[in-house]
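Asker: Next come a sequence and a model predicted from it.
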Amino acid sequence: MKQALIVAVLMLGCAGPALAVGGLADVTIYDRAENRTLPVHYHEGRHYVVGKPGNEYQVSIRNNQPGEILTVISVDGVNAVSGETANWSQTGYVLSPYTTFGIKGWRKSLQRVAAFFFTELNNSYAARTGRPDNVGVIGVAVFRKKPEPAVGVLRDYRQRRKAPAAGAPAAESEDSAKEATRGAAADAAAPQASTVVPQPRMPEKSLGTGHGRSETSVVRYANFERASQTPDEVITIYYDSYRNLVAQGVIKDAPRIARPSPFPGQFVPDPR
């Protein structure tokens with residue numbers, strides 16, 4: 001069953017691949033205040049960027065595929081389009097092949113968004129709506145589009161091949177039961193994949209994403225049928241302040257500069 005989803009119409013230039021995370025799609029975090037793509041720091045299997053309080057940012061996504069993809073966007077555990085607690089099955093943005101779209105904020109209508117900006121956790125949109133547990137992470141679930149079936153005789157031929165033989169209904173039912181059991185087991189196991197990892201004491205308050213000024217960002221509805229109910233790829237980028245990422249060991253603090261000397265030249269040099 002096809003779902004009405006939002007498709008991007010404003011396209012931006014491709015971000016530098018060295019600063020992007022992803023495979024089917026490249027995701028970059030662009031600091032709009034400083035006009036630059038934030039460098040990605042890799043630490044213990046996770047990707048991080050440094051956010052500066054008060055700076056507006058956007059999540060830029062490039063579709064690397066020859067076909068359309070659906071991207072479900074989660075910011076601080078909240079769906080950036082619907083405002084619901086984020087889930088893979090929800091609405092998102094459809095990107096055309098090899099195009100890039102910049103998501104500037106929380107979707108308010110087909111024409112407007114409320115800008116993303118880095119802020120203290122308590123001022124984040126997630127915390128202010130009673131959902132502070134997942135503040136500090138941006139997620140993009142990528143879905144491929146279900147291929148259109150061939151038409152005419154070829155389509156009928158495929159349907160006949162898929163139909164079970166008259167003498168084998170039990171085998172078909174058994175296979176279906178096995179598939180259903182595997183699917184149910186996978187669904188049951190999914191929530192257990194998340195584990196709570198103790199975090200070191202932070203030198204300053206953690207960052208979240210605020211609900212900022214209203215601005216124009218035009219999109220339209222589109223139909224999109226997913227090839228699978230589970231994402232083909234999930235891209236995750238964590239963010240926090242520079243000091244907090246240093247405290248977590250994500251960023252190695254810059255080496256200390258040697259103390260200045262009043263007499264750096266100890267001996268007389270040769271003339272030129």
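Answerer: Now that the structure is in, tell me what you want to look at.
Asker: Give the next helix or strand downstream of the helix or strand of the chain with the lowest mean pLDDT.
Answerer: None of the helices or strands of the chain scores lower by mean pLDDT, DSSP states H and E than helix 169-189, at a mean of 36. Per DSSP states H and E, the first helix or strand lying C-terminal to helix 169-189 is strand 207-216.
Asker: Distance check, the closest residue to Phe118 other than its chain neighbours against Thr129.
Answerer: Using CB to CB, 6 or more residues apart in numbering and skipping the chain neighbours, the partner closest in space to Phe118 is Gly51 (3.8 Å). For the C-beta atoms, the positions are set from N, CA and C on the backbone; glycine is no exception. The spacing between Gly51 and Thr129, counted by CB to CB, to the nearest Å, is 20 Å.
Asker: before we move on, what about Arg32?
Answerer: Counting by CB to CB, the gap from Arg32 to Thr129 is 23 Å.
Asker: Now do the contacts for Gly22.
Answerer: Contact analysis of Gly22 by CB atoms under 8 Å, 6 or more residues apart in numbering lists Asn64, Val140, Val142, Glu233, Ile235.
Asker: biggest separation within the residues you listed, which pair?
Answerer: Distances among the contacts of Gly22 were taken as CB to CB; the most separated pair is Asn64 and Val140, at 12.7 Å.
Asker: Need the residues touching each of these two.
Answerer: Gly22, Ala25.
Asker: Residue ranges in the stretch 1-150 of the chain under the pLDDT threshold?
Answerer: For the stretch 1-150 of the chain, the stretches with pLDDT under 70 are 1-18, 150.
Asker: That one: strands as residue ranges?
Answerer: 3-8, 25-31, 36-37, 41-43, 46-50, 56-63, 69-75, 78-79, 93-95, 100-103, 105-107, 112-120, 137-144 (DSSP state E, counting those that start in this stretch).
Asker: Paired strands for the fourth one, with orientation please.
Answerer: When you say that, I think you mean strand 41-43. strand 46-50 (antiparallel) (DSSP bridges).
Asker: which outside residues touch the strand it pairs with?
Answerer: Taking contacts as CB under 8 Å, 6+ apart, the residues outside strand 46-50 that touch it are 21, 29, 38-42, 236-242, 245, 250-251.
Asker: one more time with 10 Å, if that's ok
Answerer: For strand 46-50, the external contacting residues (CB atoms under 10 Å, 6 or more residues apart in numbering) are 19-22, 27-29, 31, 37-42, 57, 118, 136-138, 207, 235-246, 248, 250-251.
Asker: filter these to the buried ones?
Answerer: The neighbour count (16 or more other CB atoms under 10 Å) marks 19-22, 27-29, 31, 37-38, 40, 57, 118, 136-138, 207, 235, 237-241, 244-246, 248, 250-251 as buried among those.
Asker: related to what we said a few turns ago, so which of the strands of the stretch 1-150 of the chain comes closest to Ala222?
Answerer: Here strand 3-8 is closest among the strands of the stretch 1-150 of the chain (CB to CB), at 3.7 Å.
Asker: For stretch 51-71, output the C-alpha coordinates as PDB.
Answerer: C-alpha atoms of stretch 51-71 as PDB (Å, rounded to 0.1, in the frame of the first residue of the first chain):
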ATOM      1  CA  GLY A  51      28.000  21.800  17.800                       C
ATOM      2  CA  LYS A  52      28.200  25.400  19.000                       C
ATOM      3  CA  PRO A  53      25.300  26.700  21.200                       C
ATOM      4  CA  GLY A  54      23.100  29.200  19.200                       C
ATOM      5  CA  ASN A  55      24.300  28.100  15.800                       C
ATOM      6  CA  GLU A  56      21.700  27.100  13.300                       C
ATOM      7  CA  TYR A  57      22.400  23.900  11.300                       C
ATOM      8  CA  GLN A  58      20.900  21.700   8.600                       C
ATOM      9  CA  VAL A  59      21.000  18.000   7.900                       C
ATOM     10  CA  SER A  60      22.100  17.600   4.200                       C
ATOM     11  CA  ILE A  61      21.300  14.200   2.600                       C
ATOM     12  CA  ARG A  62      22.600  13.200  -0.800                       C
ATOM     13  CA  ASN A  63      20.900  10.200  -2.600                       C
ATOM     14  CA  ASN A  64      23.800   8.100  -4.100                       C
ATOM     15  CA  GLN A  65      21.300   5.700  -5.800                       C
ATOM     16  CA  PRO A  66      20.000   5.600  -9.400                       C
ATOM     17  CA  GLY A  67      16.400   5.300  -8.000                       C
ATOM     18  CA  GLU A  68      14.300   7.200  -5.500                       C
ATOM     19  CA  ILE A  69      14.900   6.700  -1.700                       C
ATOM     20  CA  LEU A  70      12.800   7.500   1.300                       C
ATOM     21  CA  THR A  71      14.700   9.000   4.300                       C
END
